[in-house]
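> Have a look; sequence and predicted model below, questions after that.
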Amino acid sequence: MPVDLASKVIADGVSSVPYLPEILRLLPWAALIYALRWFFGGQSNNVDRVMHGKVVMVTGGTSGLGAAIVDDLASRGAQIILLVRSTHDSWLVEYISDLRAKYSNTLIYAEECDMSSLHSIRLFCTKWLDNTPPRRLDSIVLAAGVMAPPFSPRTLTKDGVEVHWGVDYLANYHFLTLMTPALKVQPPDRDVRVLVATCAAYMVGELDLNDPEFLERGYPARRPWLVYGAAKIALMAFVAELQRQLDAYKRPDGMPMNIKCYTVDPGIMRSPGSRRWISLGSVLGLLIYVVTWPIWWIVLKSTTEGAQGFFAGLYDPDFARGQGGGLIRECKVSEFRKPEIGDEVLGQQLCEVSQAHVDAIEKKAAAARAREKKEDDNKGKPTKNAETDDKTTTDTPKPKPKKSSEGKKVAFSSDIQEVPESSATKTPKSTSKRRSKKT
């Protein structure tokens, strides 16, 4: 067939073959689209690794980038622990059931750990650490994040924190800080890796440790990438500082530290967050996005293509032998576009401010839960007025009870974790006596 077609074209010309002239005119455009698609698709991970028996925690693993990472890990037989807002979700049950059936992997679970609530994070981490012997943990992948579209109002988390700072940074800081003991107790021959998702928007962020939530500067609703980028700057600086702290840690067995932490820039993808940002969170914007989808298909990565950097960080042995604390971009370690991110002084100041912020939030939330519990207990008690309404008032008046010198007793909930007042109320040096470094 190809020989006959070629001979006919040579003998009778191109026009003798039906539709061949039209195909030849469209061929250069098809080649151009293919070349652009290949260019914007980025680098691919070519390293394989056996993940059977490996325990991996994943946040944001039910949609977008996290779902692509979970899908690949499940296909390799890894034990996956999905950290979700709530486990009482029928869709989540179906999602996990489909993954188990698709890859014949029954080691896929879900645990409740709401990244918009510091109390929920503490409850999960406390439950995970409260185990003897220590639980196995090979990798942590933090892919959950929030990116508000332009012209959207200021949004707060359950703790009353600006959502970009609270979810994109403070939640990850709190989670990794609490889970650090679980990482340190892993055997020295175990390859432990921590990967945290970041974004190229950090290059346009404006981080000021004296005003991380843009309270004094005012929330830039028209330019929310300033807040989002500031949270990513803080996240990358914290990961670099965490790696320095882990490298300085002396194991009881005298073996070298086996934990490597990286931030990963997946690039701009066709994820639910990007779609919401491009469409401005409106129905009209979504309609425009659908009409212009071929353009986005060419210039934006798919979530699987964006996850290639995470696959390289999880599977490539070079990242286990590397220095750690750096940025993975296009499946290789890349330099920070803002060199001050790797500054040790910034990392130390950031940890001071963050810990003080977390302590204050947890103390306030614990007091609120205690008040709610006390109010609920008081509602269940019978009132004295109902008991004395039927009695006569002609009896001898009873003597007034003496006031106790012991003072009032305050009932606290047993599940509340006390936070030292000194650490919660003490203002760090970076926010009181001296101005912190502004990025």
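That came in fine, so what should we check first? Numbering: from 1, shown residues only.
> doesn't residue 200 make contact with residue 268?
Yes. Here residue 268 lies in contact with residue 200, judged by Cβ atoms under 8 Å, at a distance of 7.3 Å. All C-beta atoms are positioned from the backbone trio N, CA, C, and that covers glycine.
> okay, those two: which has more neighbours?
Of the pair residue 268 and residue 200, residue 268 is the one with more neighbours under other Cβ atoms under 10 Å, namely 19 against 14.
> From residue 54, how far off is that one?
With the distance defined as Cβ to Cβ, to the nearest Å, residue 268 ends up 29 Å from residue 54.
> Residue 11 now?
63 Å.
> Settle it for me: which of those two has more neighbours?
Looking at residue 11 and residue 54 with other Cβ under 10 Å, you find the greater number of neighbours at residue 54, namely 21 against 8.
> Around residue 295, how many other residues sit close by?
Residue 295: 10 surrounding residues under other Cβ under 10 Å.
> could you say what helices and strands the host helix or strand of residue 273 packs with?
For residue 273, the host element (DSSP states H and E) is helix 272-278. Helices and strands touching helix 272-278, as assessed by 3 or more Cβ pairs under 8 Å, 6 or more residues apart in numbering; DSSP states H and E, comprise helix 283-291.
> Would you mark the buried spots in the helix it packs on?
285, 289 (16 or more other Cβ atoms under 10 Å).
> And stretch 266-274, by the same measure?
Counting neighbours by 16+ other Cβ under 10 Å, one finds that the buried residues in stretch 266-274 are 266, 267, 268, 269, 270, 271, 273, 274.
> Look up phi and psi at the spatially most central residue of the chain.
Nearest to the mean C-alpha position of the chain, by Cα atoms, centre = their mean, lies residue 144 at 3.1 Å. Main-chain torsions, residue 144, degrees, to the nearest 10: phi -80, psi 140.
> contact partners of the helix holding residue 273?
Contacts with helix 272-278, where a contact means Cβ atoms under 8 Å, 6 or more residues apart in numbering, come from 63-64, 145-150, 268, 285-286, 289, 296, 300.
> List just the nearest of those to residue 20.
Nearest to residue 20 among the contacts of helix 272-278: residue 296, at 32.0 Å, using Cβ to Cβ.
> and after the host helix or strand of residue 66, which helix or strand comes next?
If you go by DSSP H and E, residue 66 is part of helix 64-75. As assigned by DSSP H and E, the chain's next helix or strand after helix 64-75 is strand 79-84.
> Flag every buried residue along the helix or strand following that next one.
Going down the chain from strand 79-84, the next helix or strand is helix 90-103, by DSSP H and E. If you call a residue buried by 16+ other Cβ under 10 Å, then helix 90-103 has these buried ones: 92, 95, 96, 99, 103.
> got it, and stretch 25-45?
Buried positions in stretch 25-45, judged by neighbour count with 16+ other Cβ under 10 Å: 41, 42, 45.
> What lies in contact with it?
Contacts of stretch 25-45 from elsewhere in the structure, counted by Cβ under 8 Å, 6+ apart, are 267, 297-302, 305-306, 308-309, 311-312, 315-316, 330-332.
> returning to that earlier point: the buried residues of stretch 25-45 in helices, which ones?
For the buried residues of stretch 25-45, membership in helices holds for residue 41, with DSSP state H as the criterion.
> Let me have the buried residues of stretch 25-45 in CSV, extended by distance to residue 325.
Supplementary listing: the buried residues of stretch 25-45 in CSV, determined by distance: Cβ to Cβ, whole Å:
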residue, distance to residue 325
41, 28
42, 23
45, 20
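> Save the buried residues of stretch 25-45 as TSV, and put in pLDDT and distance to residue 251 too.
Putting the buried residues of stretch 25-45 into TSV (pLDDT from 0 to 100; distance: Cβ to Cβ, whole Å) gives the following:
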residue	pLDDT	distance to residue 251
41	91	41
42	90	37
45	93	30
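> with the buried residues of stretch 25-45 in mind, which one is nearest to residue 77?
Using Cβ to Cβ, the shortest approach to residue 77 within those belongs to residue 45, at 17.6 Å.
> rewinding a little: who's the closest spatial neighbour of the residue nearest to the centre of the chain, skipping the chain neighbours?
Distances taken as Cβ to Cβ, 6 or more residues apart in numbering place residue 60 nearest to residue 144, at 3.3 Å, with adjacent residues excluded.
> Just confirm the one you found contacts residue 145, I think it does.
Yes. Counting by Cβ under 8 Å, residue 145 is a contact partner of residue 60 at 6.7 Å.
> between these two, which one's more packed in?
Between residue 60 and residue 145, counted using other Cβ under 10 Å, residue 145 has the larger neighbour count: 27 against 24.
> is it true that that one touches residue 167?
Yes. Using Cβ under 8 Å, residue 145 makes contact with residue 167 at a distance of 6.6 Å.
> Next one: the residue nearest to residue 144, what pLDDT does it get?
Looking at residue 60, its pLDDT is 93.
> Tell me who's in contact with it.
Contacts for residue 60 (Cβ under 8 Å, 6+ apart) come out as 66, 142, 143, 144, 145, 197.
> For residue 296, which non-adjacent residue is spatially closest?
Here the nearest residue to residue 296 in space, its sequence neighbours aside, is residue 270; by Cβ to Cβ, 6+ apart that works out to 5.9 Å.
> how many neighbours does the residue lying closest to residue 268 once chain neighbours are set aside have?
The shortest distance from residue 268 to any residue that is not its chain neighbour, by Cβ to Cβ, 6+ apart, is 5.5 Å, and that residue is residue 300. Residues near residue 300, counting by other Cβ under 10 Å, number 20.
> cool, residue 248 as well?
With neighbours defined by other Cβ under 10 Å, the count for residue 248 comes to 8.
> roughly how far apart are it and residue 257?
9 Å.
> Could you confirm residue 333 falls within a strand?
Yes. Counting by DSSP: H, G, I helix; E, B strand; the rest coil, residue 333 is part of a strand.
> mind listing what the closest residue to it other than its chain neighbours touches?
Take residue 333 and drop its neighbours on the chain: the residue closest to it by Cβ to Cβ, 6+ apart is residue 326, 4.7 Å away. Applying Cβ under 8 Å, 6+ apart to residue 326 gives the contacts 240, 262, 263, 333, 334, 336.
> So the second one versus residue 148, what's the distance?
Right, the one you point to is residue 262. Taking Cβ to Cβ as the measure, residue 262 and residue 148 are separated by 26 Å.
> Who has more neighbours out of those two?
Neighbours around residue 262 and residue 148, counted as other Cβ under 10 Å, are more numerous at residue 262. The numbers are 27 against 22.
> For beta bridges, what are the partners of that one?
On DSSP bridges, the residues paired with residue 262 through beta bridges are residue 195.
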